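S.K.: sequence unknown, structure follows:
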């Protein structure tokens with residue numbers, strides 16, 4: 001693959017005897033959540049183009065997904081994968097969201113407890129123009145784009161997700177990082193009344209993630225407000241989530257309420273909980289196994305056989321240069 005660093009060996013072809021993910025049960029600490037689908041329908045690939053829905057102004061009312069979007073068609077863009085999209089019903093019922101709990105059926109029972117309006121986001125820290133803004137005003141600042149990205153979980157499963165949102169770089173440039181800004185810290189909502197999983201000590205709350213500033217400014221890094229042309233469902237991180245497609249899914253923090261630019265590398269939730277298992281970078285690397293899951297292969301949701309895991313989740317050509325000279329085995 002062009003741009004592949006030497007730390008990533010070529011992945012061999014797999015025999016037909018590869019077993020599905022279900023033969024390797026997930027321990028409770030990283031057990032993915034089974035979610036409830038809020039809405040119906042899917043996005044269809046039509047003749048090399050994607051049937052997508054585009055935003056109508058002033059229409060992000062909670063529970064009114066049809067008011068957010070109207071049908072349009074466009075060709076695949078430079079950041080899109082042409083792989084088959086994961087069906088909407090599976091994409092909204094098979095994910096991790098520990099704020100709702102660690103059980104697979106917790107989001108199906110509890111996602112309705114989250115109220116995404118009103119919702120305020122703070123962007124502050126090492127910036128010239130800090131701001132506190134309502135979510136609807138925030139997304140009105142940018143034309144909404146759709147991106148079809150691969151998503152890879154450290155547990156060994158993957159999806160293809162059509163997100164709707166805007167590049168994080170557009171937001172960061174608006175607030176003008178100063179010369180001291182080196183990292184971006186993201187903080188999720190901390191409210192046990194809305195997130196029953198936060199009543200447990202499975203993690204230290206609130207959930208925190210972070211990126212280097214150059215990672216955050218990369219054109220692939222995305223803030224999503226929608227999924228498959230609809231309002232982002234609660235169980236998928238409503239109303240605002242980070243999407244970093246070349247990193248394992250736990251980096252893509254959900255239900256964001258604060259974005260802070262910092263001088264120092266932020267302490268992130270999973271790196272604090274299990275530093276030997278979850279590093280700050282979390283780049284998809286088939287050559288570096290997790291202590292409990294090999295990363296050499298993955299199972300795409302909806303498929304039976306496993307497939308080789310791609311370095312940087314298939315985005316090596318776009319992002320490998322960000323890590324030139326780094327030991328990618330050490331900096332997991």
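M.R.: Nice, thanks for sending it over. These numbers come from a predicted model, not from an experiment.
S.K.: Return the distance of stretch 317-332 from the chain's centre.
M.R.: Distance, stretch centre to chain centre, for stretch 317-332: 20 Å (Cα atoms, centre = their mean, to the nearest Å).
S.K.: List the buried residues in the lengthiest helix in the chain.
M.R.: Secondary structure of the chain per DSSP state H: the longest helix is helix 168-175. By neighbour count on 16 or more other Cβ atoms under 10 Å, the buried set for helix 168-175 is 168-169, 171-172, 175. Every residue, glycine included, has its C-beta placed from N, CA and C.
S.K.: same deal with stretch 178-186?
M.R.: Neighbour-count burial for stretch 178-186, counted by 16+ other Cβ under 10 Å, picks out 181, 183-186.
S.K.: got any ranges where the stretch 51-200 of the chain has weak pLDDT?
M.R.: Applying pLDDT under 70 to the stretch 51-200 of the chain flags the ranges 51-74, 103-105, 108.
S.K.: Helices of that one, residue ranges please.
M.R.: Counting by DSSP state H, counting those that start in this stretch, the stretch 51-200 of the chain has helices at residues 88-91, 106-110, 135-140, 168-175.
S.K.: could you dump the ones you listed to CSV with distance to residue 216?
M.R.: Listed next are the helices of the stretch 51-200 of the chain as CSV, based on distance: least, Cβ to Cβ, whole Å:
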stretch, distance to residue 216
helix 88-91, 25
helix 106-110, 27
helix 135-140, 16
helix 168-175, 5
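S.K.: How many residues are close by the nearest residue to residue 284 once chain neighbours are set aside?
M.R.: Nearest non-adjacent residue to residue 284, counting by Cβ to Cβ, 6 or more residues apart in numbering: residue 313, 4.0 Å away. Residues within reach of residue 313, counting by other Cβ atoms under 10 Å, total 25.
S.K.: same thing with the one 4 residues further on?
M.R.: A total of 13 residues lie near residue 317 under the criterion other Cβ under 10 Å.
S.K.: Next, give phi and psi for it.
M.R.: phi -60, psi -30 (degrees, to the nearest 10).
S.K.: just residue 327 next, same as before
M.R.: phi -80, psi 100.
S.K.: what about it, neighbour count?
M.R.: Residues within reach of residue 327, counting by other Cβ under 10 Å, total 10.
S.K.: How about residue 296?
M.R.: Residue 296 sits with 18 neighbouring residues when counted by other Cβ under 10 Å.
S.K.: My guess is it contacts residue 308. True?
M.R.: Yes. In this structure, residue 296 is within contact of residue 308 by Cβ atoms under 8 Å, at 7.1 Å.
S.K.: returning to what we had before: the longest helix of the chain: how far from the chain's middle?
M.R.: 18 Å.
S.K.: same check, this time on stretch 159-169
M.R.: 8 Å.
S.K.: cool, stretch 282-301 as well?
M.R.: Relative to its parent chain, stretch 282-301 has a centroid offset of 16 Å by Cα atoms, centre = their mean.
S.K.: Let me know the helix or strand that residue 259 is in.
M.R.: Using DSSP states H and E, the element containing residue 259 is strand 256-262.
S.K.: helices or strands up against that strand?
M.R.: If you count contacts as 3 or more Cβ pairs under 8 Å, 6 or more residues apart in numbering; DSSP states H and E, strand 256-262 packs onto strand 120-125, helix 168-175, strand 183-188.
S.K.: what about 6 Å?
M.R.: In terms of contacts (3 or more Cβ pairs under 6 Å, 6 or more residues apart in numbering; DSSP states H and E), strand 256-262 is packed against strand 120-125, strand 183-188.
S.K.: Distance to residue 160 added to those, as CSV?
M.R.: Below are these laid out as CSV (distance: least, Cβ to Cβ, whole Å):
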stretch, distance to residue 160
strand 120-125, 27
strand 183-188, 23
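S.K.: Which stretch among those approaches residue 85 most closely?
M.R.: Nearest of the helices and strands packed on strand 256-262 to residue 85, taken as Cβ to Cβ: strand 183-188 at 25.9 Å.
S.K.: so how far does stretch 211-223 reach from one end to the other?
M.R.: Terminal residues of stretch 211-223 are spaced 13 Å apart (Cα to Cα, to the nearest Å).
S.K.: Same question for stretch 136-148.
M.R.: Terminal residues of stretch 136-148 are spaced 23 Å apart (Cα to Cα).
S.K.: what do you get for stretch 169-183?
M.R.: This stretch, stretch 169-183, spans 13 Å end to end (Cα to Cα).
S.K.: Likewise for stretch 131-146?
M.R.: 25 Å.
S.K.: Same question for stretch 198-214.
M.R.: Start to finish, the residues bounding stretch 198-214 are 31 Å apart (Cα to Cα).
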